[in-house]
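Q: Quick one: sequence plus predicted model below, questions after.
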Amino acid sequence: MTEETALNTDPDTVQPVEPGQSRGVVLLIEDDSAIAEEIVGELMAHGFEVRHEETGDAGLTAALLGEAHVMVVDRLLPGMDGLSVIEAVRQRGIRTPVLVLSALSAVDDRVTGLKAGGDDYLTKPFAMEELMARVEALLRRPDDTRNTTLRVGPLSMDLIERRVWRDGREIELLPREFRLLEYLMRRPGQVLTRSMMLEDVWQYRFIPRTNLVDVHIGKLRRKVDAPGEDPLIRSIRGTGFLLRVPD
């Protein structure tokens, strides 16, 4: 995370908020005062209320109040570490979405963070734009995001191991294709417009004139719907796409 990235907030990318209106409460648990100050400023610029705690114990106390819409938790904290905070929150049945921050970037570290109850994982250093995109994506997720496996008809998806199967046949997907299929599988049978996908999968704040969605859907369809298999991904003329739920 560079100083230029942290301080350069483009007003055209900030979603307007009416005076006195809040987009939600974010609980930030981060002991690095410099990083915390930048995150708090960015969140507030985007219309969020922020509660900041510097230790795991104080963060857990705040989390148990149940007032936060999203939690941003540093993994390494004084006292109780971040993963212990998340585990304690989940054990008490609190389902608040959690973004884990960590300087540990290995796959095993990411998997450990997700298994502890985190919903997303962002490694340091990071761009503030990416942090904001991930926070907003967590806010848009359906309530069933705590499930680690998605199933729609013959498709199954392991959200932790990032693997997909169709009737036992493993489907090798690129990261963007995985995110696109996850988006479809969370909304089976629902017509999804190109604009919705550009906003939710690509995190675009404006809708450009592009065939990006069609290109990626085409590649995804060739992998999911192999020759001879009943097509699951369907185009809706003039509207978008849907993932069909087999009878």
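A: Structure's in. What do you need?
Q: State the phi and psi torsions of the nearest residue to Leu232 once chain neighbours are set aside.
A: Counting by Cβ to Cβ, 6 or more residues apart in numbering, Leu232 lies nearest to Arg244, which is 5.3 Å off, once chain neighbours are set aside. All C-beta spots, glycine's among them, are computed from the backbone N, C-alpha and C. Dihedral pair for Arg244: phi -70, psi 140, per degrees, to the nearest 10.
Q: tell me which element Ser84 is part of?
A: For Ser84, the element it lies in under DSSP states H and E is helix 82-91.
Q: quick one: buried residues of that helix?
A: Residues Gly82, Leu83, Val85, Ile86, Glu87, Ala88, Val89, Arg90 are the ones in helix 82-91 that count as buried (16 or more other Cβ atoms under 10 Å).
Q: what distance separates it from the centre of its chain?
A: 18 Å (Cα atoms, centre = their mean, to the nearest Å).
Q: what's it in contact with?
A: 29, 56, 59-60, 63-64, 71, 73-77, 80, 96, 98, 100-102, 112-113, 116-118, 146 (Cβ atoms under 8 Å, 6 or more residues apart in numbering).
Q: coming back round to it: got the contact list for the residue nearest to Leu232?
A: So Arg244 contacts Gly153, Pro188, Gly189, Pro231, Leu232, Ile233, Arg234 (Cβ under 8 Å, 6+ apart).
Q: wait, the first one sits on Pro231?
A: No - with contact defined as Cβ atoms under 8 Å, Gly153 and Pro231 do not form a contacting pair (11.4 Å).
Q: who has more neighbours, the two?
A: Gly153 (16 against 10; other Cβ atoms under 10 Å).
Q: Make sure Val50 is indeed in a strand.
A: Yes - looking at Val50 with DSSP: H, G, I helix; E, B strand; the rest coil, it is inside a strand.
Q: Isn't it up against Val26?
A: Yes - Val50 lies in contact with Val26 (Cβ under 8 Å); the separation is 5.2 Å.
Q: hey, what's in contact with both of those two?
A: Joint contacts of Val50 and Val26 (Cβ under 8 Å, 6+ apart) are Leu43.
Q: Of these two, give the one with the bigger neighbour count.
A: Val26 (24 against 17).
Q: what bridges to that one?
A: Val50, Val70 (DSSP bridges).
Q: quick one, phi/psi of Val245?
A: Residue torsions, per degrees, to the nearest 10, at Val245 are phi -90, psi 110.
Q: Now do it, the pLDDT please.
A: Val245 carries a pLDDT value of 84.
Q: Thank you kindly, that will do.
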